[in-house]
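Asker: Got a predicted model here, sequence first, then my questions.
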Amino acid sequence: MTTGVDLDAALTELSECVRSAGTVVPAGGRTQWEVGGPVPDGMLVRAPVGVVDYDPAELTITLGAGTTVAELDAVVGAAGQHCPMDARDPAATVGGALAVGLSGPRRLRYGPLRNRLLEVHFITADGRRIKGGGRTVKNVSGYDVARLLVGSYGTLGVIVQVTLRCEPRASQSAWLVCASPASEVAARAFRASSVLTDGLRTHVLVEGYAEDVTAAAAAIDAEPANDTPPPWPKGPHRGRISVPPSALDSVGRRLSEAGIAWLGEAGVGTVHVAVDSGAALAEARAIAHANDGWLLREAGAPELDGFGVTLPNLEVMSRVKAALDPEGRMNPGRLPLAQVVTT
């Protein structure tokens, strides 16, 4: 299905804006606006909106990166498909979700967010439009530029158009709840889409046929949760902990002892936390460090830097930044990169 949306004129105008700007700040739905560091002063630029092409038979959709996740879900859902980006806020844009690199709670089954991205068009600081990847795997060669941009926080370029991989939508899905430890549930629930725990109960999302849901409930001795997922932790100061999956139980116990609200993704090692003070978020970060992990500040606590640790790939990231944005004009400060401005 080709919609007739032509983004070329919009992309030409956007390229000129980026080329002439001093500091460029790519903006999506601004649902994760504080993640990755302070927002710099500069020209806000937004990607075009609209579906360029959708081929249900090939399970691919090409669209402007400014299209919201809700709009994406509506288009592919009408064909009995889904693209599991799982943004927490449906107002998030596709390009923004990719730039922040936040995989949704169904990562356990569908993999990280970068697996959705087949092809990307982006605009560099000097206004060039570059394509990476391809709409079909057989047409792809060279560097994996598409995945390089996932989690780049707009520091390498403005994501303007993408091609995503879709999947058939499950005929039935259900949230189940039980009292068993999350690690045990993740091992016993065959191909669960999500296993979440707050230390008190374990919530499991099962997708498939009716028989799959019934079998999963029996395997983990769970009850229906009225199709309701557990609530995300709420508070003015929020962060996302990443630890080895085997450390999730230990991290959860220490967070609970400290009175910190949390929700962990079993089998993945991501723990979402929310607190009422910056000091409590700093304590959550210390717990993460004690378990060979780190905490990314998502909101609040401006006294804390973005990651709290030196990123292991800092040198490589800085070299890529220097190649694509040697003057440091793209979203400066959003990632703890080494100075790349040339003299």
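Answerer: Received the coordinates, thanks.
Asker: Which parts of the stretch 101-250 of the chain are helices?
Answerer: For the stretch 101-250 of the chain, helices defined by DSSP state H, counting those that start in this stretch occupy the ranges 107-110, 145-149, 182-188, 210-220, 248-257.
Asker: Now do the contacts for the residue most central in space within the chain.
Answerer: Nearest to the centroid of the C-alpha atoms of the chain, with distances taken as Cα atoms, centre = their mean, sits Leu102, at 1.8 Å. Taking Cβ atoms under 8 Å, 6 or more residues apart in numbering as the criterion, Leu102 is in contact with 32, 35, 87-88, 113, 240. Backbone N, C-alpha and C define where each C-beta goes, glycine included.
Asker: now Gly308
Answerer: Taking Cβ under 8 Å, 6+ apart, one finds 285, 288-289, 294-295, 297 in contact with Gly308.
Asker: and it, how far is that from Glu16?
Answerer: For Gly308, the distance to Glu16 (Cβ to Cβ, to the nearest Å) stands at 39 Å.
Asker: can you check Glu257 too?
Answerer: From Glu257 to Glu16 the distance is 55 Å (Cβ to Cβ).
Asker: for Val316, same thing?
Answerer: Val316 is 31 Å from Glu16, by Cβ to Cβ.
Asker: now swap in Ala210 and tell me
Answerer: Distance from Ala210 to Glu16, by Cβ to Cβ: 54 Å.
Asker: Please tell me the pLDDT value assigned to Leu98.
Answerer: Leu98 is assigned 95 on the pLDDT scale.
Asker: in what helix or strand does it lie?
Answerer: Using DSSP states H and E, Leu98 sits in helix 94-100.
Asker: Show me which residues of that helix are buried.
Answerer: Buried residues in helix 94-100, defined by neighbour count with 16 or more other Cβ atoms under 10 Å: 94-100.
Asker: what packs against it?
Answerer: Contact partners of helix 94-100 among helices and strands, from 3 or more Cβ pairs under 8 Å, 6 or more residues apart in numbering; DSSP states H and E: helix 69-77, strand 158-165.
Asker: can you tell which of these is closest to Val251?
Answerer: Smallest distance to Val251 across the helices and strands packed on helix 94-100 (Cβ to Cβ): 28.7 Å, for helix 69-77.
Asker: where in the stretch 51-200 of the chain is pLDDT low?
Answerer: 137-142 (pLDDT under 70).
Asker: switch to 90 and redo it
Answerer: For the stretch 51-200 of the chain, the stretches with pLDDT under 90 are 86-90, 101-102, 132-147, 172-173, 179-191.
Asker: what residues are up against the closest residue to Asp86 other than its chain neighbours?
Answerer: With Cβ to Cβ, 6 or more residues apart in numbering as the criterion, Asp86 has its nearest non-adjacent residue at 2.2 Å, and that residue is Gly104. Taking Cβ under 8 Å, 6+ apart, we find Gly104 in contact with 84-88, 113.
Asker: Need the per-residue pLDDT for Thr23.
Answerer: 92.
Asker: Distance-wise, check it relative to Asn331.
Answerer: Applying Cβ to Cβ to Thr23 and Asn331 gives a distance of 8 Å.
Asker: taking the helices and strands packed on helix 94-100 together, which one is wrapped up most tightly?
Answerer: Most buried of the helices and strands packed on helix 94-100 by mean neighbour count (mean count of other Cβ atoms under 10 Å) is strand 158-165; its value is a mean of 25.
Asker: Sort out for me which of the contacts of Gly308 are in strands.
Answerer: Counting by DSSP state E, the part of the contacts of Gly308 found in strands is 294-295, 297.
Asker: which among those gets closest to Val69?
Answerer: The closest of the ones in strands among the contacts of Gly308, once distances to Val69 are taken by Cβ to Cβ, is Arg297, at 23.0 Å.
Asker: partner residues bridging that closest one?
Answerer: Arg297 has these beta-bridge partners by DSSP bridges: Gly239.
Asker: Thought Val309 was touching it, still the case?
Answerer: No - checked against Cβ atoms under 8 Å, the pair Arg297 and Val309 is beyond contact range at 11.9 Å.
Asker: higher neighbour count, these two?
Answerer: Arg297 (26 against 16; other Cβ atoms under 10 Å).
Asker: Please name the residues that touch that one.
Answerer: 34-35, 238-239, 281, 304-308.
Asker: let's see 10 Å
Answerer: Arg297 is in contact with 34-37, 237-240, 278, 281-282, 284-285, 303-308, counting by Cβ atoms under 10 Å, 6 or more residues apart in numbering.
Asker: ditto for Ala282
Answerer: 237, 239, 275, 295, 297, 301, 303-304, 308.
Asker: hmm, 7 Å instead?
Answerer: Leu304 (Cβ atoms under 7 Å, 6 or more residues apart in numbering).
Asker: Am I right that it is in a helix?
Answerer: Yes - assessed with DSSP: H, G, I helix; E, B strand; the rest coil, Ala282 lies in a helix.
Asker: which residues touch stretch 127-134?
Answerer: 11, 15-16, 18-19, 117-124, 140, 145-146.
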